[in-house]
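> Compute the structure for the input listed below.
(chains A, B and C)
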Amino acid sequence: MAAAEKYAKVDRDVLAAMKRPGRAYLAGLAFAVLLAVMFHLLWAYQVRSGLGVVGKMHPVMWALYITNFVFWVGIAHSGTLISAVLFLFRARYRTSFNRAAEAMTVFALMVAGMFPLIHLGRSWVFYYLLPYPNQRQLWVNFRSPLVWDVFAVGTYFTVSLVFFYVGMIPDFAAAKQHVLGVRKKIYTVLSLGWQGTQKEWRHYNMLYLFLAAFATPLVASVHSVVSWDFAMSIVPGWHTTIFAPYFVAGAIFSGTAMVITLVVPMRKYLSLHEYITDDHFESIAKILLFTSLIVSYAYIVEFGLAWYGENIFERETFRYRLLGDYRYFTWTMLFCNSVVPLTLFARRLRRNTAYLFAISILVNVGMWLERFVIIVTSLSHDYDPYAWGIYKPTFVCLGVDIGSFGLFFALYLLFVKNLPVLSISEIKEHL
Amino acid sequence: MADRMVFEDREQFLEGLRELVRDGVPRERIRVITPFGVPEVEEILPGTRSRVRFFALIGAAGGTVTGLAFTILTALSWPLVIGGKPIVSLPPFIIIAFALTILFGALATFAGFLLLSRLPSLQGIRSEEEHGNAFVILVEDGERR
Amino acid sequence: MKAFLEKKGVLAALIAAAGALLAIVSLEHGPGKGGSLLLSLLFFIAVVEGCIAAAAAGTVVNARWVASVREELLSVSPLLLLSSFLLLLLIPFLDIYPWAGTPGIWLRKDFFIGRNLVFLLLAYDTARRFAAAPAGGEGTKVRAAWYLLVFVVSQSLTAFDLVMSLEYPWVSALFGGYFFIEALYGGFAVSALLYLLLHGRPAAGNAPGTRSDLSDLSILMFGFSIMWAGLFFAQYLTIWYGNIPEEVGFIARRVAASPLRELSVAVLFLLFFIPFPALLATRAKSNPYVVSAAALSILTGILIERYVFLAPVVRFSPGALMIDFACLLLLFVAVMYRRSRGAAREA
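Alright, predicted model coming up:
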């Protein structure tokens, strides 16, 4: 096929995804939007009635909302790994995933950012956390990991958004010729008048390189900071030095699983088999396997060292995790995170997208449960037996939890139909 | 009276460009428009390395300084003893400085890119010209417009 | 010299001689022999295992630079056998460990030596199999992966058993990970030095935009310097913030007074504050002087750090330390030199 035809085909294939939505899409979007509406309604109910309807009681004052916060921030990391880190490693297979992954990052961070607000209870006084001169001799406590979170996640969201947008500037310019009406005007404005001159490409390439170089340390540092929300305390099961790399590996693990969950159906319904091949999925599956091994290593070290030392509280916390009230959650978590991904050592399974899709769902469940287990079991069973208690989630927080998935998928579905899902210029470059 | 050559194929485009340079056309008058970044163009028409990297460096350095200065100076102004940590405790302040280094670095780099590429360009937005996937070489005439 | 080393049996004889010398020095009466042996062992096991791990990691991800230094890196695998023997020499000195008097299930002399020995031998075996496999072969990646798994366990055990239990009951869950990342870091430093010794400066005729193998290795060193700093900070921050007496003692003993305080700061500089800015600029990454300085800084930093870990608890005999260290270093160099393809290659 002549070069010009090949390029035109890329344009056609990617933009075909943005044609009029079919019924299946609309049904999916409607369902997701319904869940998102439920999310907001339940939050409104909570605002009206108070935080008690969530079931948070002494001693478990951090429960499902923080679980979701950590879960969604973790999901975001894999997107940056694929788009920024793999770019620095010059991994070719990244071009078929990176736009979808970057979008996933931005949307996951948007959803994650809501949870600290919901968790506050009195969400309207969130501004107490911001540094502003006041008459009460108050100032933000920079020594608190919760404030580090504000800076880390805020930075991560801003940089990811910029990276996502910058990647699309040439694609908007390419796409604007093929669309009509309002969409054409929007793409033209968003493309900033990009023409593709040598000067523009020269500056663009350096910008992209630097953004990738800046985003890369964020992959490790942001989830380390989130893990320090727990590690900086002295709660047994939380205060451990391994949390930073353990959480980062876990974040990439769950994020990669979410990429698979999103891209397998996307490839099927948008017929992108030529661009997203089984080879690409095999590479992503290898990342999944590798991070699963790191997470398993962390489990072994944590359980082992709890039993090793003379810290009876640590030992009791881990005994409680494995054999206490929440043991079914712990066993499911261990099965989904450590045992199931071992099957990916088999090459045939790595290339089977249906199997990968199934595993990715299990991994997401397992990783959500991991955060739940870490947070809730440690809090419900710490130093003082008088203070032990159980947390039972209510319909409000479960509903908000499920609704957050609806919000995320709604945003993602809207992205699929309105923005180019593959990085057009990068694919053409490697043709 | 600008000269314009349009190529559909990348190799032919590069050949045409090399020919132009061989014929002695001064490099400042050659403008190239491509649908994606072509590294060979940098070899044929070499230019100075993009100055965007200075924006990155200055932004990042500014972020580190701001992060440390902001946290340290405000902590000294409102010396609240919380958690038994020293008023000026460097480990937490380093984390905040690190985050701001990356934030300011990224934003400065983006601003530098926009500045140096003269984007957003109203002329580009309003222009009706569509090059599609073609590789275009424009040779401008002698007078500066 | 090379021809002599390549003669059959000379290498084995040298290794045996080194083992014998170290045995004599260590078993001789006098304080501090065990500490010296332990420090030398810690450094060399890390560097040797790290070199092989660097080659294995590069093989698994199809890195381009591996081909230039693979043979030399893998030539050190016989030293793992020597290390296993040297580990046995530690048996008379196990009383330096605080748990020696009250053994439990995990911390008891026989199991302690036994499990470390088993994993050192396994590391030797998997390394040998990996080295024997052809460079681009079918099963090579699998063998590399097996070695890496054993490497992770072996280094983790070294960290938790040989070093962390010196301060029993102090616990740091990150210690194992910290050690194997440091070993890999050291492995890349040695790879860079090897590359420079074997291949000299990368060809100036490289087309712009392509990266030479040397700059690939520099990028790895640069990235690992950041990773090391991150792990160091994670451990330090958690201990500093929690401020629990059981944990803080470990750090307090190492930063309270000279000379350990200055040595600890030196470690920070050698492992991060020197390599990071040095390797930041793109041009510096291909500059042989900068790269070799950074690599040497890294290796020195690892050595000093191991010293700082051991110093408050263990006594050293300076003479024995020098002999142990010099002996192992010379052996390491000799083994690599024997396998090297010689300097002054054409670009």
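> where's the helix ranked longest in chain A relative to the chain centroid, distance-wise?
For chain A, the helix with the greatest residue count under DSSP state H is helix A:198-231. Centre-to-centre, helix A:198-231 and its host chain are 16 Å apart (CA atoms, centre = their mean, to the nearest Å).
> burial count for residue 79?
Using chain A here. By other CB atoms under 10 Å in any protein chain shown, 31 other residues sit near A:Gly79. For glycine as for every other residue, the C-beta is placed from the backbone atoms N, C-alpha and C.
> my bad, chain B
11.
> and chain B, which of its residues are near chain C?
By the rule CB under 8 Å from any CB of the partner chain, the part of chain B lying against chain C is B:Pro39, B:Glu42, B:Glu43, B:Gly84, B:Lys85, B:Pro91, B:Pro92, B:Ile94, B:Ile95.
> Where does the third one sit, in terms of helix or strand?
Mapping B:Glu43 onto the secondary structure by DSSP states H and E places it in helix B:39-44.
> Name the residues of the helix or strand following that helix that are buried.
Remark: after helix B:39-44, the chain's next helix or strand is helix B:52-77, criterion DSSP H and E. Within helix B:52-77, the residues scored as buried using 16 or more other CB atoms under 10 Å in any protein chain shown are B:52-53, B:55-56, B:59-60, B:63-64, B:66-68, B:70-72, B:75.
> which among the residues of chain B next to chain C end up buried?
Burial by neighbour count, judged by 16+ other CB under 10 Å, picks out B:Glu42, B:Lys85, B:Pro92, B:Ile94, B:Ile95 from the residues of chain B next to chain C.
> show me where chain B has strands.
B:3-7, B:30-33, B:135-139 (DSSP state E).
> What is the burial count for the residue of the stretch 251-400 of chain A found nearest chain B?
Across the stretch 251-400 of chain A, the shortest distance to chain B (CB to the nearest CB) belongs to A:Tyr275, at 15.1 Å. Residues near A:Tyr275, counting by other CB under 10 Å, number 18.
> about what we covered before: quick check, the helix holding B:Glu43 touching chain A?
Yes - for helix B:39-44 and chain A, the contact criterion (CB under 8 Å from any CB) is met by B:Val41, B:Glu42.
> From the contact counts, what lies against that helix?
helix A:198-231, helix B:10-22 (3 or more CB pairs under 8 Å, 6 or more residues apart in numbering or on different chains; DSSP states H and E).
> For C:Pro103, which of the ones you listed is the nearest?
Each of the helices and strands packed on helix B:39-44 was scored for nearness to C:Pro103 using CB to CB, and the closest is helix A:198-231 (31.2 Å).
> right, and the helix or strand after the closest one?
The first helix or strand that comes after helix A:198-231 along the chain, using DSSP H and E, is helix A:243-270.
> If you count neighbours, what's buried in the longest helix of chain A?
Quick answer for helix A:198-231 (16+ other CB under 10 Å): A:198, A:200-231.
> what's the angle between it and helix A:243-270?
130 degrees (axes from the mean of the first three to the mean of the last three CA atoms, to 10 degrees).
> For the stretch 251-400 of chain A, which segments count as helices?
Taking DSSP state H, counting those that start in this stretch, the helices of the stretch 251-400 of chain A run over residues A:278-308, A:312-323, A:327-334, A:347-350, A:353-372, A:378-380, A:395-418.
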